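[1] Let's see this in three dimensions:
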Amino acid sequence: MRRILGVNTWVWTSPLTDSSLELLAAKAAAFGFGAIELPVETPGDWSPERASDVLTEHGLLPVVVGAMGAGRNLLAASANEIVATQDYLTHCIEVAEILGSSIVAGPFYAATGRTWRMTDVERAAYYEELRANLEPLVDRAERGGIRLAVEPLNRYETSLINTVDQALEALDPLLGAGLGLALDSYHLNIEEKNIGDAIRRAGSHLAYVQVCGNDRGAVGDDHIDWSAFLDALDDADYRGPLGLESFTGDNATIAVAASVWRPLARTQDALAADSYAYLNALQNERDAQ
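    This is a model prediction of the structure:
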């Protein structure tokens, strides 16, 4: 199965702006990408209406990505903080409606980097709280023809949902047309015993997939078996895009948040172009078989 290849603007910049999107959309399209991930870090950083025109000009499929910065939590937080987080995620859904994006993806449970120890009983209670606070957002997304895609993160970025099995436990019974999973090869490589089996367990709940090298560098310049990765996506009947997510170390905030302490490629352009070339060639090879 052939999939559209996309790229996140975080590969080059943070935060996204109207002017930077114009440059990056043209660059992404020139490299061959057919989709682009647009992070909503702070509402108002960029105009969804203007972005829609830019993406249409370059023939790029939009994917909205949320950013769970400090103070954005749907559990184990004050009522005001939870409401503010719900308001933020509602804004992300509204942005997706304007852009025509069918997906809003991200770790929509707690601030990235927030970790704490919990017992099994406490974890079950947090999952229950998460479902209660996520449910109105799922309903809102589904009414707009949008699917929220909740992403498990590795153990250094969260202690709440690290694996596919934990995500399925935490989100059931909300999973469906308005809610699925977003899986990222970087986190899968750290947390799952077998990446392919984890993807298969996600099955029909798999709403979006992000990729990068195991070190956050270029796809193909790493130890992941990408052919087996695509096999697992076929088995799960995942038909959506593959979005390259990596980060620039030029922005201090994002470099610290993503632990980018050294260059991940010779240039950020090379990281994007090499990833596209590898995945495109791999898909061509599989099509020819």
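[2] Just the CA coordinates for the longest helix seen in the chain, please, in PDB.
    Identified as the longest helix of the chain according to DSSP state H is helix 120-143. What follows is helix 120-143, C-alpha atoms only, in PDB (Å, rounded to 0.1, in the frame of the first residue of the first chain):
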ATOM      1  CA  ASP A 120      -1.700   0.600  39.400                       C
ATOM      2  CA  VAL A 121      -4.700   1.900  41.300                       C
ATOM      3  CA  GLU A 122      -3.700   5.500  40.800                       C
ATOM      4  CA  ARG A 123      -3.000   4.900  37.100                       C
ATOM      5  CA  ALA A 124      -6.500   3.500  36.700                       C
ATOM      6  CA  ALA A 125      -8.000   6.500  38.400                       C
ATOM      7  CA  TYR A 126      -5.900   8.900  36.200                       C
ATOM      8  CA  TYR A 127      -7.100   7.000  33.100                       C
ATOM      9  CA  GLU A 128     -10.700   7.400  34.200                       C
ATOM     10  CA  GLU A 129     -10.200  11.200  34.800                       C
ATOM     11  CA  LEU A 130      -8.600  11.400  31.300                       C
ATOM     12  CA  ARG A 131     -11.500   9.800  29.600                       C
ATOM     13  CA  ALA A 132     -14.000  12.100  31.400                       C
ATOM     14  CA  ASN A 133     -12.100  15.200  30.300                       C
ATOM     15  CA  LEU A 134     -11.300  14.000  26.800                       C
ATOM     16  CA  GLU A 135     -14.900  12.800  26.000                       C
ATOM     17  CA  PRO A 136     -16.400  16.300  25.200                       C
ATOM     18  CA  LEU A 137     -13.400  16.900  22.900                       C
ATOM     19  CA  VAL A 138     -13.900  13.600  21.100                       C
ATOM     20  CA  ASP A 139     -17.500  14.400  20.600                       C
ATOM     21  CA  ARG A 140     -16.600  17.900  19.300                       C
ATOM     22  CA  ALA A 141     -14.000  16.400  16.900                       C
ATOM     23  CA  GLU A 142     -16.400  13.800  15.600                       C
ATOM     24  CA  ARG A 143     -19.000  16.400  14.800                       C
END
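[3] which residues sit against that helix?
    74-76, 82, 86, 89-90, 93, 104, 108-109, 118, 147-148, 150, 160, 169-171, 174, 176-179 (C-beta atoms under 8 Å, 6 or more residues apart in numbering). Yep, even glycine has a C-beta here, placed from its N, CA and C like the rest.
[4] list the buried ones in it?
    123, 126-127, 129-131, 133-134, 137-138, 140-142 (16 or more other C-beta atoms under 10 Å).
[5] the strands in the stretch 101-250 of the chain, which residues?
    103-106, 147-150, 179-184, 206-211, 242-244 (DSSP state E, counting those that start in this stretch).
[6] Residue 4: which of those is closest?
    Distance to residue 4, taken as C-beta to C-beta, is lowest for strand 242-244 among these, at 7.4 Å.
[7] Please pull up the helix or strand immediately following that closest one.
    helix 252-257 (DSSP states H and E).
[8] can you give me the mean pLDDT across that following helix?
    Mean per-residue pLDDT for helix 252-257: 84.
[9] before we move on, back to that, now the angle from the longest helix of the chain to strand 179-184?
    Helix 120-143 and strand 179-184 are oriented at 110 degrees to each other (axes from the mean of the first three to the mean of the last three C-alpha atoms, to 10 degrees).
[10] Following element in sequence after the least confident helix or strand in the chain by mean pLDDT, please.
    When each helix and strand of the chain is scored by mean pLDDT, DSSP states H and E, helix 252-257 comes last, with a mean of 84. Next helix or strand after helix 252-257 toward the C-terminus (DSSP H and E): helix 268-288.
[11] same for that following helix, what does it pack against?
    Judged by 3 or more C-beta pairs under 8 Å, 6 or more residues apart in numbering; DSSP states H and E, helix 268-288 is in contact with strand 5-8, helix 18-31, helix 226-235, strand 242-244.
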